[in-house]
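K.L.:
heads up, no residue letters with this:
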């Protein structure tokens, strides 16, 4: 990312394609220590370890058991004797996508009266990454100003950097922080700030 001053920053149960798979994989990423129990190297042991996690309590036993069998059978993870657990490339990919979908900038109680503009000039041969990046910006709450320019009223540097890294396009991004912007009245209404 380039730096520009106004202020700018360098920027039978279906398991597959369900929300269960990324939730379970994310839980595994965050709490792999539980797999240090003596029998966690088996599917049953993995299920028992995962059953303890708060974020998985709403899953039925059948759902969780099916997901554990699925992630081990499809090699999303590898559990070694002694409890060491590793995410495979497939597991990392699913967890990464889930983390990116959940990525949202913090919205402070009081607006700092600054606008964050995300500009990008991503080459045509990276069209898929460009389109996915733009879609993720919209999901995060950004509004399109122009085809490759989005605006947001709150701090978002870390989220933009993470999104740029995820899509491998960070060097094509510029984040500008500005005190004023054209269409400001309309944007304040759209974002419900400064009114």
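P.N.:
Arrived safely. Because the structure is a prediction, the values reported are computed rather than measured.
K.L.:
how close does residue 116 sit to residue 152?
P.N.:
With distances defined as CB to CB, to the nearest Å, the gap from residue 116 to residue 152 amounts to 5 Å. Using the backbone N, CA and C atoms, a C-beta is placed for each residue, glycine as well.
K.L.:
please say which of the two ends up with more neighbours.
P.N.:
residue 116 (25 against 22; other CB atoms under 10 Å).
K.L.:
which other helices and strands contact the helix or strand harbouring that one?
P.N.:
For residue 116, the host element (DSSP states H and E) is strand 115-120. For strand 115-120, the contact count by 3 or more CB pairs under 8 Å, 6 or more residues apart in numbering; DSSP states H and E identifies helix 127-139, strand 149-152, strand 173-178 as packing neighbours.
K.L.:
pLDDT on that strand, on average?
P.N.:
Per-residue pLDDT over strand 115-120 has a mean of 96.
K.L.:
partners of that strand in the sheet?
P.N.:
Looking at strand 115-120 with DSSP bridges, its partner strands are strand 149-152 (antiparallel), strand 173-178 (antiparallel).
K.L.:
which one of these lies closest to residue 74?
P.N.:
With CB to CB as the measure, strand 173-178 is the member of the strands paired with strand 115-120 nearest residue 74 (34.0 Å).
K.L.:
tell me which residues of the closest one are tucked away?
P.N.:
With burial defined by 16 or more other CB atoms under 10 Å, the residues of strand 173-178 counted as buried are 173, 174, 175, 176, 177.
K.L.:
now do it and helix 127-139, the angle between them.
P.N.:
Strand 173-178 runs at 30 degrees relative to helix 127-139, counting by axes from the mean of the first three to the mean of the last three CA atoms, to 10 degrees.
K.L.:
how far is strand 173-178 from where the chain is centred?
P.N.:
Taking the mean of its C-alpha atoms, strand 173-178 sits 21 Å from the chain's own mean (CA atoms, centre = their mean, to the nearest Å).
K.L.:
repeat that for stretch 52-63.
P.N.:
Relative to its chain's centre, stretch 52-63 lies at 22 Å (CA atoms, centre = their mean).
K.L.:
what residues sit buried inside that stretch?
P.N.:
For stretch 52-63, a neighbour-count test (16+ other CB under 10 Å) marks 53, 56, 59, 63 as buried.
K.L.:
for stretch 93-109, same thing?
P.N.:
Neighbour counts using 16+ other CB under 10 Å place 94, 95, 96, 98, 100, 103, 105 of stretch 93-109 among the buried residues.
K.L.:
which one of those sits closest to residue 135?
P.N.:
Of all those, the one sitting nearest residue 135 is residue 100; the distance, using CB to CB, is 10.5 Å.
K.L.:
contacts only, for that closest one.
P.N.:
Residues in contact with residue 100, defined by CB atoms under 8 Å, 6 or more residues apart in numbering, are 136, 162, 163, 166.
K.L.:
related to what we said a few turns ago, adding distance to residue 189 and mean pLDDT, write the helices and strands packed on strand 115-120 out as a markdown table.
P.N.:
Compiled in a markdown table, the helices and strands packed on strand 115-120 are given as follows (distance: least, CB to CB, whole Å; pLDDT from 0 to 100):
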| stretch | distance to residue 189 | mean pLDDT |
| --- | --- | --- |
| helix 127-139 | 18 | 94 |
| strand 149-152 | 13 | 97 |
| strand 173-178 | 18 | 95 |
